[in-house]
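Novice: need coordinates for the below:
(chains A, B, C and D)
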Protein chains: 2
Amino acid sequence: MEKQDLFSIIVMKAIEMKEVKDVTIYDIAKALDLSPATISRGLKDHPGIKKETKKRIVEAARQMGYQHNTFARNLRVRKTNTIGVIIPRLNSYFMSTVIAGMEKVANERGYNLIISQSQESVKKEIASVNTMYNSRVDGLLVSLAYDTENIDHFSALLKKEIPLIFFDRIAEHIQCTSIAIDNVKAGYEATLHLIDQGCRRIVYIGGNLKRNVYADRLKGYRLALMERELPQAPELVIINHMSEQEGSEAAQALMRMKPRPDGVFAANDTVAVTCIREFRRQGLCVPNDIAVVGFNNDPNSRVIEPNLTTVDYLGHEMGEIAAATLINTIEKKPSAHLNTLLLRHNLIVRQSSVRSHSTH
Amino acid sequence: MEKQDLFSIIVMKAIEMKEVKDVTIYDIAKALDLSPATISRGLKDHPGIKKETKKRIVEAARQMGYQHNTFARNLRVRKTNTIGVIIPRLNSYFMSTVIAGMEKVANERGYNLIISQSQESVKKEIASVNTMYNSRVDGLLVSLAYDTENIDHFSALLKKEIPLIFFDRIAEHIQCTSIAIDNVKAGYEATLHLIDQGCRRIVYIGGNLKRNVYADRLKGYRLALMERELPQAPELVIINHMSEQEGSEAAQALMRMKPRPDGVFAANDTVAVTCIREFRRQGLCVPNDIAVVGFNNDPNSRVIEPNLTTVDYLGHEMGEIAAATLINTIEKKPSAHLNTLLLRHNLIVRQSSVRSHSTH
DNA sequence: TTGAAAGCGCTAACAA
DNA sequence: TTGTTAGCGCTTTCAA
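Specialist: Numbering: from 1, shown residues only, chains lettered A, B, ... in the order given. Coordinates of the predicted model:
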């Protein structure tokens, strides 16, 4: 009797607090007169459990509204099935396709994604890394912020051997795989294309040279000039934050140069598009007075007039590969011991750089 | 002696497996000759713990490299400190600022964000809800997919009283707060502006009327026409998927209409921009032959020529408010018992809709 | 101001 | 094929 009363009290309290307890494997065990261990096994694909039993377990679980408790499991197996993603910003078409690719693979393989934006600042990047570390992510996918100088803030993770993969904006580290495109080659091709169109005085506009994407594209630019024996003037290389504001300033500075440059290779489409707008505002003809090539194949590149020649690469694919490689590493799958993985890219030629023959 | 050996074996095994165990509050307790309970208290702001002791604990934790284990805590207190976010796509400037706002508030208040894209499909939306449910998020922020017909797939969450907040693309539900702008008013203002510029035959292009954003903007459009006693022709309302492809088809259909419309109000900037491109390709003059107004103030709206008149609203703010409201609900903070929260919006007038007086 | 002890829900080694 | 049992790391009630 006493027990009965105690039970009533508990139930009433539960109802009062509107906190009806979750169904656990113990409840199912009791209902089916089996042990919790059997239930646990039955709910997975454990070998050595009678088919019949398994069916009963799964059915009971469904009926009772059982919901797997990830945290108990995490605690027990010391694994979170969570991947951290740190990116500069997710407001570009490119990044959004990268994330979509990651999400696809992560979902397929039973992982969750925690996404954080560094807003292009190391400070926020460091904070994000720490949060991720404390959330005990199983692995980390990172594209570096604009002003990150070194990767010391990843050392705690690395010491613990938490897999870390860089993508797009990568860093060199023996422990880490990196995924990117061949930015040198892409920069080389873009510049060569401008030269082929008759440009002789070509400006490169890029960001912080600590970032591979900007440094490598510049290298490619230089390579092309060298190959075609065009002079390399230091004033033709402009380094800024690659924002709209600074892009427009760069365009204006450029138009004041004497002699005026006749070609621009900008390391992102935002700046390339801004340049075109400024040039046209000043009455210049793009591409005949000055030809422009961008980078990323942003949707903007097809809105601007004339349409922008740009370098395309597959964000979705990059995301998929990054996530798959990371998960393989986490699960110690025998993925090749690569250090750097390069994806395909493609120069898309549009009107902003194609000169009519007459101007040649 | 035997114990010693066993210990050695364990340590060696740990090293061999490269799985050095994490420091726990027990380790700190042992080192400081205190109980785990005291450590646990010392690590928080528990009242009734000597200042001196607390200091020692915090210092020891730091020195030993202690790292809080969220999962043990989650398991114990039945709370994950994780918020789920489901959005159609994150490839727009607007969405990315929304997410940034959410992230800011979540970080400040000690929550993590799990983000998932429905890719505009109910099917994926349902899958995401289930994943989130199983991850036991403390609350959910949702902007509905294009083709979601009802919100039954949220009923499990709702039954469990897991807070659910809709933003931007909202749904009505007694249990849920919604955050949006006054789309009727915005649509009304946009249309009125076109009328004021002399447009008399205005087309509305929007998406699925199940989505408030499209239905309400249409209402506003109708309201304005009614007020100014302009006729409402059914063929002037075009409903499609609001993609570039369908935007361009709509633009072409529109140009074949007789008499040709002289104004377009598109419920997003993608379609508005596409329309302008099509019109100009056919030799029409925007705004004099046909004026265009968009929605969202996407960066594209300032790239297209002529620059697009559009409705701006603050994504960052919307994200912040959504997250803050959700967390207040989760923590049962006395946030006002609101059902719908409307944010400010603003019609930004640019060249795509401003007609020279001569054409009036 | 601190400690002892129970238990959150699950898994896995070992036993049967 | 199934069960027993211990324990993952933490919090919290009750006791001291």
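Novice: tell me the spacing between the residue of the stretch 101-250 of chain A found nearest DNA strand C and residue B:217.
Specialist: Of all residues in the stretch 101-250 of chain A, residue A:110 sits closest to DNA strand C, at 11.9 Å by C-beta to the nearest atom of the strand. Every C-beta, even on glycine, is put in place using the N, C-alpha and C of the backbone. Residue A:110 sits 40 Å away from residue B:217 when distances are taken as C-beta to C-beta, to the nearest Å.
Novice: the more surrounded of the two?
Specialist: Neighbour count, other C-beta atoms under 10 Å in any protein chain shown: between residue A:110 and residue B:217, residue B:217 has more, with 29 against 9.
Novice: quick one: that one and residue B:268 touch, right?
Specialist: No. Residue B:217 is not in contact with residue B:268 according to C-beta atoms under 8 Å; the separation is 9.5 Å.
Novice: overlap in contacts, these two.
Specialist: Counting by C-beta atoms under 8 Å, 6 or more residues apart in numbering or on different chains, the shared contacts of residue B:217 and residue B:268 are residue B:295.
Novice: just to revisit the earlier point, right, and the residue of the stretch 101-250 of chain A closest to DNA strand C touches residue A:81 too?
Specialist: Yes. Under the criterion of C-beta under 8 Å, residue A:110 makes contact with residue A:81 at 5.9 Å.
Novice: domains for chain A, by residue range?
Specialist: The record assigns chain A these domain ranges, following automatic domain parsing: A:2-68, A:80-180+A:315-343, A:183-313.
Novice: ok, the closest residue to residue A:174 other than its chain neighbours - contacts?
Specialist: The spatially closest residue to residue A:174, leaving aside those adjacent along the chain, is residue A:339, at 7.7 Å (C-beta to C-beta, 6 or more residues apart in numbering or on different chains). Taking C-beta under 8 Å, 6+ apart as the definition of contact, the neighbours of residue A:339 are A:174, A:176, A:177, A:178.
Novice: low-confidence ranges, the stretch 201-350 of chain A, go.
Specialist: Low-confidence segments of the stretch 201-350 of chain A, defined by pLDDT under 70: A:334-337.
Novice: find the closest residue to DNA strand C in it.
Specialist: Taking C-beta to the nearest atom of the strand, the stretch 201-350 of chain A has residue A:331 as its residue nearest DNA strand C, at 13.1 Å.
Novice: format the domains of chain A as a markdown table; extra columns: distance to DNA strand D.
Specialist: Rendered in a markdown table, the data for the domains of chain A read as follows (distance: least, C-beta to the nearest atom of the strand, whole Å):
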| stretch | distance to DNA strand D |
| --- | --- |
| domain A:2-68 | 3 |
| domain A:80-180+A:315-343 | 10 |
| domain A:183-313 | 37 |
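Novice: tell me which of these sits nearest to residue B:302.
Specialist: domain A:183-313 (8.6 Å; C-beta to C-beta).
Novice: how far does that closest one sit from the chain's center?
Specialist: 24 Å (C-alpha atoms, centre = their mean, to the nearest Å).
Novice: same check on stretch A:30-39?
Specialist: The offset between the C-alpha centroid of stretch A:30-39 and the centroid of the whole chain comes to 44 Å, using C-alpha atoms, centre = their mean.
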